[in-house]
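Peer 1: Model the following, please.
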Amino acid sequence: MLLNTALTATTMAALVVGLLYAGWTIHRLRTRLARLTYAASHDPLTALPNRIHALWLFGLRAADRLPTIVALLDLDEFKQVNDTYGHQAGDQLLAAVADRLATAANRYGGHAARLAGDEFLLLLPVQAGDPVEPVASMLAEITIPVRLATSPQATFTPHATAGITIFDGIDGTFTDVLRRADIACYHAKARGTGFEVFHPGMSMPRPAAPAQRRGPRLRDLHKEASA
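Peer 2: Numbers count the residues shown, from 1 in each chain. Predicted coordinates:
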């Protein structure tokens with residue numbers, strides 16, 4: 001009887017230890033999976049959603065047929081910062097702008113993402129009033145000077161140019177709306193207007209000045225096959 005009781009206690013103890021170990025292993029795997037998922041869907045420098053996650057966010061809105069303001073932002077004179085102060089200063093500037101965009105986008109109930117280099121994306125819900133106002137407001141907000149950690153210390157005032165398109169919730173894939181916003185951004189840069197809204201018939205300007213584009217965008221080299 002005592003032997004059976006001892007064996008039962010030992011078995012129960014082993015079972016408890018096994019369950020605890022299994023629970024710890026599952027927790028560790030879940031934590032690792034969460035970290036890998038986050039790393040795969042967010043930009044490591046700015047912590048903003050990356051292109052993959054932006055596609056997913058757009059897909060959620062498209063699935064619910066929610067009208068969305070889609071804006072593509074390019075920082076102006078970003079190459080000048082890298083060339084003058086170094087890439088560390090450039091990274092600091094990107095992080096500062098990203099933080100401002102994320103805060104402002106959240107205030108409007110939307111999202112900011114970093115696609116590549118100095119290129120950012122805004123996905124904002126269409127609300128009552130002028131749909132351009134949120135983007136214009138955010139372009140103004142990012143112009144607060146950034147004190148760069150350089151030696152000697154320098155200050156740079158960031159500006160951006162934006163191309164805007166309105167997704168009606170039905171017409172267009174992620175690739176389509178990005179292309180429309182990209183075309184509008186080219187027009188804004190060519191005209192020096194700060195931002196332009198895409199309209200039917202708008203096409204890519206023929207002779208975009210070389211200084212305005214520094215070779216093909218990284219995202220253009222990795223377009224998804226379909227949205």
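
Peer 1: for this structure, which spans come out with low pLDDT?
Peer 2: Within the chain, the ranges that satisfy pLDDT under 70 run 1-7, 9, 13, 19, 22, 24-37, 39, 205-227.

Peer 1: Going along the chain, name the strands of it.
Peer 2: With strands called from DSSP state E, the chain shows them at 68-75, 111-116, 119-125, 146-148, 154-156, 160-167, 195-197.

Peer 1: Give me the sheet partners of the last one and which way each runs.
Peer 2: Translated: strand 195-197. Sheet pairing for strand 195-197, assigned by DSSP bridges, gives strand 160-167 (parallel).

Peer 1: centre of the chain versus stretch 8-21, how much separation?
Peer 2: 48 Å (C-alpha atoms, centre = their mean, to the nearest Å).

Peer 1: Arrange the strands of the chain in TSV, one row each, with distance to Leu48 and mean neighbour count as further columns.
Peer 2: C-betas here are computed from N, CA, C, even on glycine. Output for the strands of the chain, formatted as TSV (distance: least, C-beta to C-beta, whole Å; neighbours: other C-beta atoms under 10 Å):
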stretch	distance to Leu48	mean neighbour count
strand 68-75	12	26
strand 111-116	5	23
strand 119-125	8	23
strand 146-148	17	17
strand 154-156	20	15
strand 160-167	14	24
strand 195-197	20	21
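
Peer 1: Mind putting these into CSV with distance to Ala47?
Peer 2: Formatted as CSV, the strands of the chain follow (distance: least, C-beta to C-beta, whole Å):
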stretch, distance to Ala47
strand 68-75, 17
strand 111-116, 9
strand 119-125, 13
strand 146-148, 17
strand 154-156, 21
strand 160-167, 19
strand 195-197, 25
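
Peer 1: Compare those and give me the one nearest Met138.
Peer 2: Evaluated with C-beta to C-beta, the strands of the chain place strand 119-125 nearest to Met138, the distance being 7.0 Å.
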